[in-house]
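**Q** build the 3D model from these lines:
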Amino acid sequence: MGMNLSTGIIFCFLILGVSSQRWGTFLKEAGQGAKDMWRAYQDMKEANYRGADKYFHARGNYDAARRGPGGAWAAKVISNARETIQGITDPLFKGMTRDQVREDSKADQFANEWGRSGKDPNHFRPAGLPDKY
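**A** All right, here's what the predicted structure looks like:
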């Protein structure tokens with residue numbers, strides 16, 4: 001092994017130093033992204049506007065992804081978890097069939113990915129939704 005122990009240790013510290021800083025940034029972005037998703041969810045509940053849910057899905061993902069890779073990751077994890085949970089709760093509480101749940105989830109995920117990829121969430125904005133959203 002051409003590398004002595006101290007060089008190896010220094011090398012490891014350099015690698016760890018870089019990645020811990022990167023992890024710190026990633027986790028900060030993830031936290032901010034989770035807050036963006038929560039804000040979009042709160043706004044959707046407050047607005048209670050028919051046909052606006054895809055807009056809020058797209059907006060939450062869009063805002064979170066703009067934070068950076070950590071935000072995009074958080075948005076994806078949260079979106080997937082939400083769809084999984086709704087797949088269980090919607091048939092129970094909304095009386096939706098499996099096919100209806102699957103279609104709704106597919107449309108939600110389309111809006112999620114639309115926003116996460118940086119496309120304008122206003123594509124899904126329903127006419128008449130108050131400007132504050």
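**Q** just how off-centre is stretch 32-51 within its chain?
**A** 12 Å (Cα atoms, centre = their mean, to the nearest Å).
**Q** and it, which residues are buried?
**A** Within stretch 32-51, the residues scored as buried using 16 or more other Cβ atoms under 10 Å are 32-37, 40-41, 43-44, 47, 49. In this view, the C-beta of every residue, glycine as well, is placed from N, C-alpha and C.
**Q** who's in contact with the residue lying closest to Gly118 once chain neighbours are set aside?
**A** Leaving aside its sequence neighbours, Gly118 sits nearest to Ala65 (Cβ to Cβ, 6 or more residues apart in numbering; 6.5 Å). Ala65 sits next to 33, 71-72, 75, 115-118 when contact means Cβ atoms under 8 Å, 6 or more residues apart in numbering.
**Q** what's the most distant pair in those residues?
**A** Using Cβ to Cβ, the pair of those lying farthest apart is Gly33 and Ser117, separated by 14.4 Å.
**Q** where does this structure dip in pLDDT?
**A** 1-3, 12-18 (pLDDT under 70).
**Q** can you point me to the longest helix in it?
**A** helix 5-47 (DSSP state H).
**Q** and which of the buried residues of stretch 32-51 is nearest to Phe56?
**A** Phe56 lies nearest to Met44 out of the buried residues of stretch 32-51, by Cβ to Cβ, at 3.8 Å.
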